[in-house]
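[1] Curious how this folds, go ahead:
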Amino acid sequence: MHSPAPSLSVLIADDNMTDRMLLSSIVRRQGHTVLTAGDGQEAIDVFARERPDLVLLDAMMPILDGFEAAQQIKQLAGEELVPIIFLTSLTEEQALVRCLEAGGDDFLAKPYNQVILAAKIKAMDRLRRLQATVLEQRNQISRHHDYLLNEQRVAKAVFDQVAHSGCLNSPNIRYLQSPYALFNGDLLLAAFTPSGDMNVLLGDFTGHGLPAAVGAMPLAEVFYGMTSKGYGLAQILREMNAKLKRILPVDMFCCAILLNLSFQRRVVEVWNGGMPEGYLHRIDSGERVPLYSRHLPLGVLSSATFEDRTEVYPLMLGDRVFLLSDGVIDTCDAQEENFGVERLKAVFARNTEPDLLFEDILQALEDFRGQSRDDVSMLQLEVVEPECFTNAPVIYSDSGESSPRDWSVSFELRPDSLQRFNPLPYLLQLLQEIHGLRSQSGALYSVLAELYSNALEHGVLGLDSALKRDAAGFALYYAERNRRLEALSEGYVRINLRIEPEPGGGCLVIEVQDSGPGFDARNVLARAPSDRDFSGRGVHLIRKLSRNASWSDDGRTARVEFHWVC
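    So this is what the prediction gives:
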């Protein structure tokens with residue numbers, strides 16, 4: 001069974017009373033409500049007052065003809081579709097075209113045919129309802145879009161708070177981030193380690209917008225949490241890779257370059273997985289050392305097959321590290337030509353003022369007049385003196401009355417642990433229970449790191465620091481370190497921590513002993529450290545940051561003290 005046709009409100013505007021009455025009778029018999037008007041102006045007034053569903057409009061009327069009336073009725077209707085059927089005895093093609101151009105949706109020739117009129121009214125009603133449905137769906141989409149935008153703005157505010165909670169505002173950092181969508185698929189993080197080193201991560205997730213940024217929060221959580229506890233790059237990389245592998249779908253991953261910049265030791269440690277090559281720009285010679293990608297991105301490999309090996313490069317004051325995402329080199333111009341690596345290298349070659357290198361690259365991109373098809377990120381790090389950074393005083397919630405005051409603990413790390421375990425975050429966390437030592441946590445971590453590094457590398461592994469006499473020897477030193485560590489089958493590093501109470505404070509005594517052949521500590525201490533000498537810095541740093549640093553047992557045992565006042 002067919003459902004009955006819906007009743008409509010129909011406005012009939014005709015200056016001929018007979019035609020108006022005849023048409024009204026036909027429309028009423030079809031089940032519709034009728035409104036009437038005798039001229040164009042009256043039709044407009046009735047429409048504004050009653051808002052009928054459909055208008056039957058005579059083309060030729062006094063005061064205001066049907067053409068003018070149709071235009072004003074359409075303006076009053078706005079986005080709502082109110083069909084207008086012109087009633088006309090005109091037969092010329094131009095006259096009929098004028099009816100449609102004035103806003104008419106159809107026309108009905110006199111004399112009126114009831115069947116044709118009923119069919120036209122039904123057709124116009126279907127169009128009217130279809131338009132109403134489209135408008136409602138559009139409004140729903142618009143409301144949903146506004147809702148999603150608001151959710152994304154809130155999420156982006158939270159994301160920015162997390163992603164930018166590190167030290168990107170440090171004076172030695174210049175950076176640019178230009179997202180392709182509301183959310184940036186590129187992730188830029190920077191934070192200080194307990195020893196005052198700087199960890200930096202530039203990552204590029206697959207895709208754009210919110211899907212690309214979904215992995216950024218857990219990645220930032222791992223980065224900041226492990227950096228603040230003093231974990232090395234290898235441990236941070238493994239944890240980030242494992243987390244992304246666990247939570248991301250198989251078609252998503254994160255290309256990333258992670259580095260540790262040590263201002264005390266003047267070295268940079270780099271891991272590049274799938275990112276465009278970065279550059280180490282040496283200030284004295286103008287040499288650009290490429291930081292190649294040698295690994296797969298984060299989130300691709302399982303923990304068993306993931307490779308965390310890093311590369312270490314020596315630094316001097318004023319050297320710069322430049323990192324970028326592929327959105328920079330993939331920027332294309334109107335001819336679909338990419339900015340490319342060669343143009344970037346040309347900017348480096350032309351640069352004569354290192355302080356203006358970042359601006360030169362930005363200017364080159366602007367002169368290229370390209371259009372980015374991806375998120376764009378650039379970062380420049382300058383090697384400066386550690387004293388350039390000012391740290392806010394740390395405020396602790398506890399009074400320190402519950403701190404342990406008289407205790408000792410000893411660890412012996414044997415080959416399997418030496419190969420896989422970094423004890424420094426654990427030791428620092430243990431020592432942070434001593435309230436008086438918290439203000440010295442940076443110096444304490446630096447000293448522990450140097451003591452452990454010397455015991456492992458020069459003691460157990462038997463590496464000669466003289467290898468680090470130049471940049472080439474520096475690379476050879478760390479390559480040999482990794483080889484010997486992988487092959488390690490015997491040896492140990494012993495760490496003894498002893499807390500001794502003193503009047504008004506206390507003393508921490510650190511002793512680190514190794515199984516190596518020892519070294520002539522007196523000879524090393526007698527040499528003054530040099531900015532151009534890449535070896536022998538650790539011993540002098542230990543003496544600078546601690547009290548009563550000494551070496552015994554032919555250099556196999558190191559002893560340092562830290563004192564505090566309550």
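[2] can we go C-alpha only for contacts and neighbour counts from here?
    Will do.
[3] Next, the residues that contact the host helix or strand of residue 360 from outside, please.
    Using DSSP states H and E, residue 360 falls within helix 357-368. Residues outside helix 357-368 that contact it (C-alpha atoms under 8 Å, 6 or more residues apart in numbering) are 174, 333, 339, 344, 347, 348, 351, 380.
[4] Give me the subset of those residues lying in helices.
    Within the contacts of helix 357-368, residues falling in helices by DSSP state H are 344, 347, 348.
[5] Could you export those residues to JSON lines, including columns for neighbour count and pLDDT?
    Below are these laid out as JSON lines (neighbours: other C-alpha atoms under 10 Å; pLDDT from 0 to 100):
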{"residue": "344", "neighbour count": "16", "pLDDT": "84"}
{"residue": "347", "neighbour count": "17", "pLDDT": "85"}
{"residue": "348", "neighbour count": "20", "pLDDT": "83"}
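[6] mind listing what residue 379 touches?
    If you count contacts by C-alpha under 8 Å, 6+ apart, residue 379 has them with 173, 174, 175, 176, 322, 323, 324.
[7] Let's see that with 10 Å instead.
    For residue 379, the contact set (C-alpha atoms under 10 Å, 6 or more residues apart in numbering) comprises 168, 173-177, 188, 200, 202, 278, 321-325, 358.
[8] Next one: it from residue 428, what distance?
    Between residue 379 and residue 428 the computed distance is 31 Å (C-alpha to C-alpha, to the nearest Å).
[9] Residue 278 too?
    For residue 278 relative to residue 428 (C-alpha to C-alpha), the value is 32 Å.
[10] For these two, indicate the residue with more neighbours.
    residue 278 (23 against 20; other C-alpha atoms under 10 Å).
[11] returning to what we had before: mind putting the contacts of helix 357-368 into TSV with distance to residue 239?
    Compiled in TSV, these are given as follows (distance: C-alpha to C-alpha, whole Å):
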residue	distance to residue 239
174	28
333	40
339	35
344	33
347	37
348	35
351	39
380	26
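[12] Can you give the domain ranges for this structure?
    9-134, 164-388, 407-565 (automatic domain parsing).
[13] In the chain, where's the longest helix?
    Ranked by number of residues, the top helix in the chain under DSSP H is helix 114-163.
[14] what bits of the stretch 201-350 of the chain have low per-residue confidence?
    Judged by pLDDT under 70, the stretch 201-350 of the chain has its weakly predicted residues at 207-213.
[15] about what we covered before: possible to save the ones in helices among the contacts of helix 357-368 as TSV with distance to residue 23?
    Output for the ones in helices among the contacts of helix 357-368, formatted as TSV (distance: C-alpha to C-alpha, whole Å):
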residue	distance to residue 23
344	78
347	81
348	83
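[16] picking up where we left off before, just how off-centre is the longest helix of the chain within its chain?
    Remark: helix 114-163 is offset 32 Å from the chain centroid, using C-alpha atoms, centre = their mean, to the nearest Å.
[17] which helices and strands does it pack with?
    helix 17-29, strand 54-58, strand 84-88, strand 106-109, strand 186-192, helix 209-213, helix 216-228 (3 or more C-alpha pairs under 10 Å, 6 or more residues apart in numbering; DSSP states H and E).
[18] what packs against the shortest one?
    Other elements packing on strand 106-109 under the criterion 3+ C-alpha pairs under 10 Å, 6+ apart are strand 54-58, strand 84-88, helix 93-101, helix 114-163.
[19] Neighbouring strands - and their directions - for it?
    Using DSSP bridges, the strands paired with strand 106-109 are strand 84-88 (parallel).
[20] Show me what counts as buried in the partner strand.
    For strand 84-88, burial by neighbour count (16 or more other C-alpha atoms under 10 Å) applies to 84, 85, 86, 87, 88.
[21] Figure out which of the helices and strands packed on strand 106-109 is closest to residue 71.
    helix 93-101 (9.1 Å; C-alpha to C-alpha).
[22] could you check the angle strand 84-88 makes with the closest one?
    150 degrees (axes from the mean of the first three to the mean of the last three C-alpha atoms, to 10 degrees).
[23] pLDDT on helix 93-101, on average?
    Mean pLDDT, computed over helix 93-101, is 74.
[24] helices and strands around it, which ones?
    helix 66-77, strand 84-88, strand 106-109.
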